[in-house]
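Student: I would like to see how this sequence folds:
(one chain, ligands or ions: 1)
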Amino acid sequence: MTKPRLHIGDKNYSSWSMRPWLALKHGGIDFEEVLHALPEQHSGAPAFGAISPNGRVPALDLAPGVTIAESLAICEWAGEVAPTLWPDGPPGSNARALARSASAMMHSGFSALRTDCPVNIRRRTDASRMTEAGKADAASVDAMWTACLDHLGGPFLFGRFGIVDAMYAPVVTRFVTYAIPRSKTAEAYIDAITRDPHVAAWIAAAMAETRQLPRSDVA
Ligand SMILES: N[C@@H](CCC(=O)N[C@@H](CS)C(=O)NCC(=O)O)C(=O)O
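Tutor: All right, here's what the predicted structure looks like:
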C-alpha cells in the first residue's frame, strides 16, 4: 500500500465519513478514497465487516492488516501526522484539551439531534418534525459554537480550521438541510464552514450523487 486508504460511505449521507475525510484533507495528507454504498436498511449487523473491525465506515487502512476504525481515532491519527489540526492556543488556555473535549462530545453525544436530523446534504426541509430533545441538542451546539467563536474570534471554533471543525461540519449541514433556527454567531460559523474549500468539495460531490436512501429522506 503506497498511501493510506480511507473507506467512506455515500457523501450525501455519511456524516461519520465526512469528518476524517476533512481532517486528512486539512492535514495535507495524501490518501486514496474508496466509496461504499451504505445499506438501504439496517439489518441488525453492521454492513462493513470485511472492511473494518467495527463493521462500519469510515475506516483507514494504513498497511496490510492495519485498519483504524472510528472517525475520531482516524482524526487523531491525522493530528499526529499534521499537529496543526489541533489548536495551539496561548499557554494556559487549554485550547487543545477544550477542542478535544468538544470533539469527543460530538462523537458520543447529541443523539437526539442526530436521530431527528439524519445528514442528507442534498435535501432542503424544515425543523417541524424535530423533537424537544433534538431542539435542545441543537441549542446546546449553538451555545458551544458561540462561546468558542466569541472567545477566540473565529472564523473557526479555535481560530484556524481543525479537527474540532471537521467533527462539527456534518452538524452544519444538518442546520442547513433542516433550517434549524440558529444565532447570528452560529450563522456566521455555518457560512465559514460551508465556504471552506474542502467542505465545499465534499458538498459538491454529495450534490452530484444520485443514489437515494429512503430511510434518510423521510425524517
Ligand atoms: N462511531 C462510528 C460510527 C460509524 C457509523 O455509524 N458509520 C455508518 C455510516 S455513516 C455505517 O457504517 N453504517 C453501516 C451500518 O450500520 O451497517 C464512527 O465514529 O466512525
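Student: List the contacts of Arg114.
Tutor: Neighbour list for Arg114: Ser15 [criterion: Cβ atoms under 8 Å, 6 or more residues apart in numbering]. Bear in mind the C-beta positions are built from the backbone N, C-alpha and C, glycine included.
Student: pLDDT at it, what is it?
Tutor: Predicted confidence (pLDDT) at Arg114: the value is 97.
Student: repeat for the one 10 residues further on
Tutor: At Arg124, the model reports a pLDDT of 97.
Student: and if you look at Gly89?
Tutor: pLDDT recorded at Gly89 is 74.
Student: burial of the closest residue to Pro214 other than its chain neighbours, as a residue count?
Tutor: In this structure, Pro214 finds its nearest non-sequential neighbour in Glu40, 7.1 Å apart by Cβ to Cβ, 6 or more residues apart in numbering. Residues near Glu40, counting by other Cβ atoms under 10 Å, number 13.
Student: Any figure for the gap between Trp77 and the ligand?
Tutor: From Trp77 across to the ligand, the span is 13 Å (Cβ to the nearest ligand atom, to the nearest Å).
Student: likewise Leu62?
Tutor: Separation of Leu62 from the ligand (Cβ to the nearest ligand atom): 16 Å.
Student: how about that residue, secondary structure?
Tutor: Leu62 falls in the strand class when you classify it by DSSP: H, G, I helix; E, B strand; the rest coil.
Student: for it, what are its contacts?
Tutor: By Cβ under 8 Å, 6+ apart, Leu62 lies in contact with Met1, Pro4, Ile68, Trp77.
Student: Repeat the analysis, applying 6 Å as the threshold.
Tutor: Applying Cβ atoms under 6 Å, 6 or more residues apart in numbering, we find Leu62 in contact with Pro4.
Student: what does the model give it for pLDDT?
Tutor: Leu62 carries a pLDDT value of 98.
Student: Arg96 now?
Tutor: At Arg96, the model reports a pLDDT of 95.
Student: Next up, identify which helix or strand it is on.
Tutor: Assigned by DSSP states H and E, Arg96 belongs to helix 95-108.
Student: Just the buried positions in whichever helix or strand comes after that helix, please.
Tutor: Helices and strands here follow DSSP H and E; after helix 95-108, the next one along the chain is helix 111-116. Using 16 or more other Cβ atoms under 10 Å as the test for burial, helix 111-116 gives Ala112, Leu113, Arg114, Asp116.
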